[in-house]
Structures are given as structure tokens and as C-alpha cells.
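>>> this is a predicted model, with the sequence first.
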Amino acid sequence: MVKKKKVEPKKKPLLDKKTADLLGLIFEKMPHRIELLLFTSPGRNEPYSAAIREMIRSVETLTDKIDWREYDLAHELAVKHQAQQSPTLLLDPEHTHLRWLGAPIGHEAESFLKSLIMIGHRNANLGKQSLKVLNSIEEPRRIKIFVSPTCPYCPQQIMNALKAAVERPDLIFLEIIDVQAMAELAEKYQAFSTPTVYANEKLIARGAQSEELFMASLKKLEEEAIFIPDNEAEEIQVDLVVVGAGPAGLSAGIYAARSGLRAVVVEKGVLGGQVAATPLVENYPGIPQIGGKALVDIMVAHALEYANVFPGEEVMEIKPGQPLVVSTSRRRFLTRAVLLASGAVYRRLGVPGEDRLFGRGVSYCSTCDGPLFKKRKVLMVGGGDSAVTEALHLHQIGVGVTLAHRRDTLRAQAQLKDSLRTAKIPVLFNTEIREIRGEDRVKEVELFNNLTEITEVLAVDGVFVSVGYSPAVELALRTGVELTEDGYIKKDSRHRTNIPGIYSAGDVEGGYKQIVIAAGQGSEAALAIFEDLVNPYWVSDQPFGSGKIIEA
């Protein structure tokens, strides 16, 4: 009998053909070759070593400008370059001081590819203000940035650090550290929230920053919240400034531009807002199931076809008038209308220990920080859809999660509650968090049962908070926009506020916190703004059709 040869299933390539072809063309135009040195040790973090080998080989097949070699950690080159962790990848060590500890997978794969392109051109393409700050640094900076493959905020911070290292290889030493592969290092630096950045052993940032804020933090060796340019910001004339790049803001940008308005979208944080940190979206029409970050990427790509998007800019002031003057951390806009789509921010518990231990076991994003707590015990606080969804996500990735809710029933959808029961996730009803305790990191929580009035202490490694959102209305208040009794922006049926030319849309208006509703409100507001700019309601004697659109 002839024995048939076993046919192994074909392994799906890391890069699809379209992406591979595009990268091949980009690599071909790089003026400089890139040397990669990979240091590994048998039996240590082998899955990550295998992953990084596969990534390098996938890229190597696209170009002859990348040379890579692998050595054991006992090799003399490992000693020379002080490589002590497996795997450690050195990127072009003759010209830069860049190394990756772990494997660039998940969200970090894109960052890795961009780093190769940046190194191959030896051009960081920094903004004028960022370059000015970076060039003013006179002492070396040794950066450690802790990241996670599941963190949607990490790529932005990685690119900031990469730009600094490529632009100033004489002073900047960068280590990108995967917290899952390098758990001991993450523990040592208490990097229980990603991205976390240290420079010269000092904590300089938690969370993503704009390019300018990162450079300012790097210079001062402390976290900076606002970047004020040394010279006057550039001035741009537009018809509409949309504040916020969540579903409402992005949709407004699309509809406004399609109506013929010159629209810009300004976002101080991560594009997509809270959606970017949502593990899974299952109720967006036409898309049965999609990751929050993936949905955001689709929305942003669509918006960029129509409107200019300015990420990493915070709107500092809005001066009412004609035109309205919108001052950001980087420039100034003269506009006929402003749409406030600033969304909502995570609501805090307001208990002792919460702020002090934030990033040290207290988290508001299971997608970002959940992998750090595999095989550990955590408490998820909340009783709505978000809390149950995130509890299920933590359970699925191997975290021992218990849900605590202050009421006797959950507010979540029936399907989510069924999934919770199926997963056998414990639920503590009528339970309030009184205190979060620990010295350097979360160790335990004090719980109060509001039915029995019994207080007890529960040992946990982390506390994830999902108790709703508070509207981001600080800018609205500074501008003089009226709020409702619940603290949301007060508006009429056409999304007009009490100040002529200023509108609102999305979660900042209250109501149901749903992606599809926010997107619909943003679209509706943009159409109303277009009609009002044609026939301004604040000018009583303005004939219909005599409105003039500002030309940029």
C-alpha cells in the first residue's frame, strides 16, 4: 500500500497581497538599507520569538534592503549591545538606538512597519514645533515605552517615540517593551496600564499624547498636559470646526463636506473616542461584529476623504462672533460655525485609592490593560452593557473576573446577561466599592453591601471601572454654552445651543450612548448647520439664500 503524503494546511500570510505590493513599492524607494539583529534564547518566550521571526520574514520577502541575523543571548554581540531579554530586536544598530522587546503583533505590527520605513529614509518627518522642542534637549534620554498588542492607544505613542529616536540618534535611546512578553519588566516599572512611558527612569506619560506634548514631556522629564507654541499658531479660515473625532464628529465632517462646506475635525485625544477602546461592537447596522478600533479605522478613513482631521490638538478657547475664533494648542481657526461633539469621559468612582492607583491596577479600559491581568483576579465595577461586555472580554482572555454592581439587578441587555451566566462569572449585587487599597499597586478592595450593611475586604490584583460616562463640557462651559440640569449641553431640535453659530451633537447632549445614535446626530447637525449658514437664523433681516461661505 502506498502511504499518502499528509497535506499540511496552507498558512495564511501575515500581509495580504495588496498591502504586500504597496509595502514593496515603498521599501524600494528607501535610500538606506536596514540591518536587524534578533537575539533569542531557546525555551524563553518562544511564541514571541517565533512571531517576530515570522514578521521579519514576511517583510524580508518584499525587499532586498533589509538584512537580518539571529543570535543567541550568549553571543558576544548580545553582550556588546547589552541584549538580555528574549526576544530582543535591534533596528539598524549602526545608526539608531532602537530595540523591541517582545513581538510587534496586534496593533503594534503597523508601528513596526512604519518604523522600518522611517529608518530606511532616516527621516522622522516631525512637525516644526516638535522639532524645535526636540532639538532643544541637550542631555541623553533613555526611553522605555510599555505597550500591549491589544491597546489601540499605543501606536500613537510608539510613533512619537520612534520619531524622537530617528531624528536624534545622538541622544535618544528607545526600548519598546511588550508587557505580555516582558511581564517582569512591566511589574518592575508598575506598567499596569498601556501605553506607559519612562524617560531616564522617570514616569513621563500614561496614555497617548500628541506629538508636541510627547516632546515637551521628554524634554522636561514629566508629563505635560498642554503644549503652547512659542510663536503664534497658524491661522486657517473654514466654514465649520468640529470639536471631537468620535462617531458624531466624524459623521458631521463627512456630511458637512458633502454639503459643500469647508469642514475640519479637531481631536485632542484618540481618534474615535470611546469606541476605539470598545472590545467588540455587535449592534452597528450592516456590520454584525467588529472590534471598536477596526470600526474607528473605517470611520476615520471615510472622513479623511472629505474633511481635514487634526489629531492631537486640544481646543483651548472659542470666542463667539462673526467669525468665531477657535484657538487650539497648535493653531487658530476662523470659522462661521462650531459643532461641539466632545463626547463623554469615563466616570470615576470617587473613592479613596482610585486616583492614586490609576495605572497601577485601576483601569478604565479592558481592551488596553486586560492582557496584563491574565491568571489574576480582578473586580469589574458596573452593571450596564459596557461593564458586562468588558467582564466577558476579560473572562475570554483568561482573567479571573468578578462583577460588582450597586443595585440588585443588572441594567445590561438580556443577551449580555445570558452570556454572563453561561460564562459563570460571579456577580456581587447590592455591592458598593468603598476603598481601593495597596501601596505600589492594587492589593484589595473594601466592599459594602447596601442591603445587609456588611463590610468586607476582597483581595484582587486589579479594579476595572465601567460605571458610565460624564459629558465633556468643560470647553462648552468656558464658552458660555448653557447646560441642562443633568450637565449635558442644552440644545434645540436643530442642535443649536444658546450661542449663535455653536451647535452640539453626540454623547455630549445626553440620551442613549450608542454609536449609531451619535453618528446620526452628527449627520443631522451638519445638515442643519449647512442650512443655517445659507440662511443664518441669528440675522433677522437676512434673506434666504444670501449667506456666503468663507473660502479657505
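Everything's here; your move. Numbering: from 1, shown residues only.
>>> could you point out which element follows the helix or strand hosting S49?
Using DSSP states H and E, S49 falls within helix 46-60. Of the helices and strands lying after helix 46-60 in sequence (DSSP H and E), the nearest is strand 66-72.
>>> where do the helices of the stretch 351-500 of the chain begin and end?
Here the stretch 351-500 of the chain has its helices, by DSSP state H, counting those that start in this stretch, at 366-369, 385-396, 414-422, 474-479.
>>> off-centre distance for the first one?
For helix 366-369, the distance between its averaged C-alpha position and the chain's averaged C-alpha position is 11 Å (CA atoms, centre = their mean, to the nearest Å).
>>> check which helices and strands that helix sits against.
helix 385-396, strand 462-465 (3 or more CB pairs under 8 Å, 6 or more residues apart in numbering; DSSP states H and E). Backbone N, C-alpha and C define where each C-beta goes, glycine included.
>>> against which helices or strands is the helix holding S49 packed?
helix 17-28, strand 34-40, strand 66-72, helix 108-121.
>>> next, the angle from that helix to strand 66-72.
If you take axes from the mean of the first three to the mean of the last three CA atoms, to 10 degrees, helix 46-60 sits at 160 degrees to strand 66-72.
>>> quick check, Y346 in contact with S363.
No: using CB atoms under 8 Å, Y346 is not in contact with S363; the gap is 9.8 Å.
>>> next, show the common contact partners of those two.
Taking CB atoms under 8 Å, 6 or more residues apart in numbering as the contact criterion, the residues that touch both Y346 and S363 are V465.
>>> point me to the helix or strand that includes S130.
Take DSSP H and E as the rule and S130 turns out to sit in helix 128-135.
>>> give me the pLDDT for the residue nearest the centre of the chain.
Nearest to the geometric centre of the chain sits Y153, at 2.6 Å (CA atoms, centre = their mean). Listed pLDDT for Y153 reads 86.
>>> which residues touch it?
Counting by CB under 8 Å, 6+ apart, Y153 has contacts T194, P195, G207, A208, V270, A276, A277, C368.
>>> most neighbours, which of those?
T194 (31 neighbours; other CB atoms under 10 Å).
>>> G468 - nearest residue in space that isn't next to it in sequence?
Nearest residue to G468 in three dimensions, chain neighbours excluded: R347, at 4.6 Å (CB to CB, 6 or more residues apart in numbering).
>>> got it, and I204?
S217 (4.4 Å).
>>> for that neighbour, helix, strand, or coil?
helix (DSSP: H, G, I helix; E, B strand; the rest coil).
>>> show the pLDDT at I298.
So I298 comes in at 90 (pLDDT).
>>> equivalent analysis for K513, please.
79.
>>> mind starting the numbering at 37 from now?
With 37 as the first residue, the last one maps to K549.
>>> for the residue lying closest to it once chain neighbours are set aside, phi and psi?
Among residues not flanking K549 along the chain, D543 sits closest, at 5.5 Å (CB to CB, 6+ apart). Backbone torsions of D543, given as degrees, to the nearest 10, read phi -60, psi -20.
>>> what do you get for R383?
In terms of degrees, to the nearest 10, the main-chain angles of R383 are phi -80, psi 140.
>>> does it touch G523 like I think?
No: between R383 and G523 there is no contact under CB under 8 Å: 11.2 Å.
>>> and the helix or strand where I553 lies, what does it pack against?
I553 belongs to helix 551-570 when assigned by DSSP H and E. The helices and strands touching helix 551-570, judged by 3+ CB pairs under 8 Å, 6+ apart, are strand 276-279, helix 283-294, strand 373-376, strand 538-540.
>>> neighbouring strands - and their directions - for the third one?
Sheet pairing here is set by DSSP bridges, and for strand 373-376 it gives strand 276-279 (parallel), strand 538-540 (parallel).
>>> list the contacts of that strand.
Under the contact criterion CB under 8 Å, 6+ apart, strand 373-376 has outside partners 275-280, 285, 288, 354, 360, 362, 511-512, 517, 525, 531, 533, 537-541, 544, 558, 561-562, 565, 568-569.
>>> list the buried residues for the helix holding I553?
551, 553-566, 568-570 (16 or more other CB atoms under 10 Å).
>>> more crowded one of Y382 and S399?
S399 (27 against 16).
>>> now do the contacts for that one.
With CB under 8 Å, 6+ apart, S399 has these contacts: F228, S229, D405, G498, V499, F500, V501.
>>> gap between it and Y320?
When distance is defined by CB to CB, to the nearest Å, S399 is 25 Å away from Y320.
>>> likewise for G504?
According to CB to CB, G504 stands 20 Å off from Y320.
>>> looking only at neighbour counts, state which of those two leads.
Ranked by neighbour count (other CB under 10 Å), G504 and Y320 place Y320 first, with 18 against 15.
>>> identify the bridge partners of that one.
Residues in beta-bridge contact with Y320 (DSSP bridges): I323.
>>> show me the domain layout of this protein.
53-256, 270-381+506-570, 398-503 (automatic domain parsing).
>>> could you look up the SS state of P185?
Per three-state DSSP, the secondary structure class of P185 is coil.
>>> so it sits against I141, correct?
Yes: here P185 reaches I141: they are 4.9 Å apart, a contact under CB under 8 Å.
>>> low-confidence stretches in the stretch 137-286 of the chain?
261-269 (pLDDT under 70).
>>> the helix holding I553 vs helix 283-294, what angle?
Using the same axes, to 10 degrees, one finds that helix 551-570 and helix 283-294 are set 40 degrees apart in direction.
>>> centre of the chain to helix 551-570, how far?
How far helix 551-570 lies from its chain's middle: 25 Å, per CA atoms, centre = their mean.
>>> please render the domains of the chain as JSON lines that adds distance to R392 to the earlier fields.
Below are these laid out as JSON lines (distance: least, CB to CB, whole Å):
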{"stretch": "domain 53-256", "distance to R392": "12"}
{"stretch": "domain 270-381+506-570", "distance to R392": "19"}
{"stretch": "domain 398-503", "distance to R392": "8"}
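>>> what's the closest of the ones you listed to P388?
If you check each of those against P388 by CB to CB, domain 398-503 wins as the nearest, at 4.7 Å.
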